[in-house]
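Student: Below are the sequence and a predicted model for it; my questions follow.
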Number of protein chains: 2
Amino acid sequence: MNQSIQVRQTATNTKSSCQYCSLSNLCLPLALDSSEMNRLDEVVNRDRIFNRGEQVFTQNAPFHACFAVKSGAIKTSVVTESGEEQITGFFMPGDLVGLDSMSDDTHASSAKALERTSVCEIPVDQLEALAHIMPGMQHHILHLMSQEIRNSHQLSVLLSKNTAEERIAALLLSLSTRFHRRKLSPTHFNLPMARNDIANFLGLAVETVSRVFTRFQNQGLIRARGRDIELVNIEALQAMALGNTQA
Amino acid sequence: MNQSIQVRQTATNTKSSCQYCSLSNLCLPLALDSSEMNRLDEVVNRDRIFNRGEQVFTQNAPFHACFAVKSGAIKTSVVTESGEEQITGFFMPGDLVGLDSMSDDTHASSAKALERTSVCEIPVDQLEALAHIMPGMQHHILHLMSQEIRNSHQLSVLLSKNTAEERIAALLLSLSTRFHRRKLSPTHFNLPMARNDIANFLGLAVETVSRVFTRFQNQGLIRARGRDIELVNIEALQAMALGNTQA
DNA sequence: TGTGTCGGTTGACAAGGGTCAACATTACCG
DNA sequence: CGGTAATGTTGACCCTTGTCAACCGACACA
């Protein structure tokens, strides 16, 4: 109740606002001119809010929309027939979630809000239609999807070739650059996800994640108090992520 | 020399032949009517041949074409900054290779022929243009790319959650269904890739792959003489792939 | 026929990281 | 504010898998 009111409020305030959205340089509008942006504005369902832990969409449910993160953070995951869950990505403001189900009729993964998160909902048939009208949009979507493939390949490498320390160093650095790109501090930030999520994502046990964090801390690479993370020695972390053990 | 003659020959024989290609139900034409197929035919560079071990394209090289496998097999791989290579996929007739670089200007991965392989080369600017004209084509490409994402996610799960035996069982079954879909025997086939490739793909050491193969053989699950593989007990393999250890 | 190379198999051993268990800390909520 | 659950940390132990090394068979080639 309370929530839906808030949604409507915000929607009114920011009506037709892709143009004014602070994320326009990260998000879909990136590829559009202002008249095209207006078309996009018309189909976007703005400011849907999800509380921490709420499901944005669920694997195998009918697929009819992608979601652009406005604020907060989202994790996506797939569950196998054998019932094991694997987190496939963390999404931050400006990111587009749900591309792995593009042109399919059911969701290939689930998405859950890691904290209070607001998103723009973009109906997929409309998105395809826009892509068909606007070459720039089509190009951009193909680009985003290929990037998603690359990210996933990157994850595969991490999972199959790197040690626990390398994986965690790589994750921290990846988060760092992503925060940086969003005009936030690249050296001091709050993890949006729990240790559990990190462990799952990186294919490790929670205990291992915990141990590596304290080891990094003892080596003076980071300072960590719960989810509050400070990267103290980025160069060493980078060396570590590349497999140079003698950090 | 010899080879280029052969190429030209074959190209002449099969001129404008998406319609008659035996793979049209797997490949791009799947989504097209016959007039659209003619348009596609015009832009396809048919029957380029690669010998075993030849590079189809190389990571970071300028990207201007996707490749549809006509016969043979291709592996794709990415190398990280730290110099480690990870095979990201095996491609069989009807599959489209290179989608991970869509709408980018350099290749995100390398592709190498595992055996003598013929492909159709599809210039990417043309492909985008066709997609722009034909909604069915756009839809299909988005679909293929999302499927690629899903495959990669699947690989991530395999790498992070499954034991060596489970991974290999899953790979064998995946190959089995892929052969089956191409009207070949799902229980008796020749592996297009070396043990080494399997090991790399599954994030294992070659020795482990070897050991698991012989273990499977001793358990009566498969019969393996080099690359010649026979799946003897598919149900047990499926149980194994799902993590039911008591096979 | 010998020799080198490559791919595959097998054995011995070590280690990275999982599992189990106990404990500490934080977050949540009536 | 206190009690309970969820989350994070640490320790001990063990198992799966990687590493190192030897060996085999197939194939190419001189």
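Tutor: On my side now, so go ahead.
Student: Bridged to the spatially most central residue of chain A, which residues?
Tutor: For chain A, residue A:91 is the residue whose C-alpha lies nearest the centre (CA atoms, centre = their mean; 0.8 Å). Here residue A:91 sits in beta bridges with residue A:74, as judged by DSSP bridges.
Student: how close does it get to chain B?
Tutor: Using CB to the nearest CB, to the nearest Å, we find residue A:91 at a distance of 14 Å from chain B. (Glycine included, C-beta is placed from N, CA and C.)
Student: what about that residue, distance to residue A:111?
Tutor: When distances are taken as CB to CB, to the nearest Å, residue A:91 and residue A:111 turn out to be 8 Å apart.
Student: can you check residue A:58 too?
Tutor: With distances defined as CB to CB, the gap from residue A:58 to residue A:111 amounts to 8 Å.
Student: the more surrounded of the two?
Tutor: Under the neighbour definition other CB atoms under 10 Å in any protein chain shown, residue A:58 and residue A:111 were set side by side, and residue A:111 has more, 25 against 13.
Student: Quick one, grab the pLDDT at the more buried one.
Tutor: Among the per-residue scores, residue A:111 holds a pLDDT of 97.
Student: can you pull out the helices in chain A?
Tutor: Along chain A, the stretches classed as helices by DSSP state H are A:2-13, A:34-43, A:124-133, A:135-161, A:164-181, A:195-202, A:206-218, A:234-241.
Student: Spell out which parts of chain A neighbour DNA strand D.
Tutor: Residues of chain A lying close to DNA strand D (CB under 7 Å from any atom of the strand) are A:194-196, A:206-207, A:209-211, A:213-214, A:224, A:226-227.
Student: could those residues go into JSON lines alongside distance to residue B:162, pLDDT and neighbour count?
Tutor: Written out in JSON lines, the entries for the residues of chain A next to DNA strand D read as follows (distance: CB to CB, whole Å; pLDDT from 0 to 100; neighbours: other CB atoms under 10 Å in any protein chain shown):
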{"residue": "A:194", "distance to residue B:162": "23", "pLDDT": "97", "neighbour count": "15"}
{"residue": "A:195", "distance to residue B:162": "22", "pLDDT": "97", "neighbour count": "17"}
{"residue": "A:196", "distance to residue B:162": "19", "pLDDT": "97", "neighbour count": "11"}
{"residue": "A:206", "distance to residue B:162": "19", "pLDDT": "98", "neighbour count": "14"}
{"residue": "A:207", "distance to residue B:162": "20", "pLDDT": "98", "neighbour count": "10"}
{"residue": "A:209", "distance to residue B:162": "20", "pLDDT": "98", "neighbour count": "23"}
{"residue": "A:210", "distance to residue B:162": "23", "pLDDT": "98", "neighbour count": "14"}
{"residue": "A:211", "distance to residue B:162": "23", "pLDDT": "97", "neighbour count": "15"}
{"residue": "A:213", "distance to residue B:162": "26", "pLDDT": "98", "neighbour count": "18"}
{"residue": "A:214", "distance to residue B:162": "28", "pLDDT": "97", "neighbour count": "12"}
{"residue": "A:224", "distance to residue B:162": "30", "pLDDT": "94", "neighbour count": "16"}
{"residue": "A:226", "distance to residue B:162": "31", "pLDDT": "91", "neighbour count": "9"}
{"residue": "A:227", "distance to residue B:162": "29", "pLDDT": "95", "neighbour count": "12"}
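Student: still on that earlier bit, I figured the residue nearest to the centre of chain A hits residue A:97, correct?
Tutor: Yes. Counting by CB atoms under 8 Å, residue A:97 is a contact partner of residue A:91 at 4.9 Å.
Student: list residues touching both of those two?
Tutor: Between them, residue A:91 and residue A:97 have A:69, A:74, A:76, A:111 as joint contacts when contacts are counted by CB atoms under 8 Å, 6 or more residues apart in numbering or on different chains.
Student: For residue A:59, see how far away the first one is.
Tutor: So the one you mean is residue A:69. Distance of residue A:69 to residue A:59, given as CB to CB: 19 Å.
Student: Neighbour count: the two, which is higher?
Tutor: Ranked by neighbour count (other CB under 10 Å), residue A:69 and residue A:59 place residue A:69 first, with 24 against 17.
Student: is stretch A:189-197 up against chain B anywhere?
Tutor: No. For a cut-off given as CB under 8 Å from any CB of the partner chain, stretch A:189-197 has no contacts with chain B; the smallest distance is 13.0 Å.
Student: No further queries at this time; thank you.
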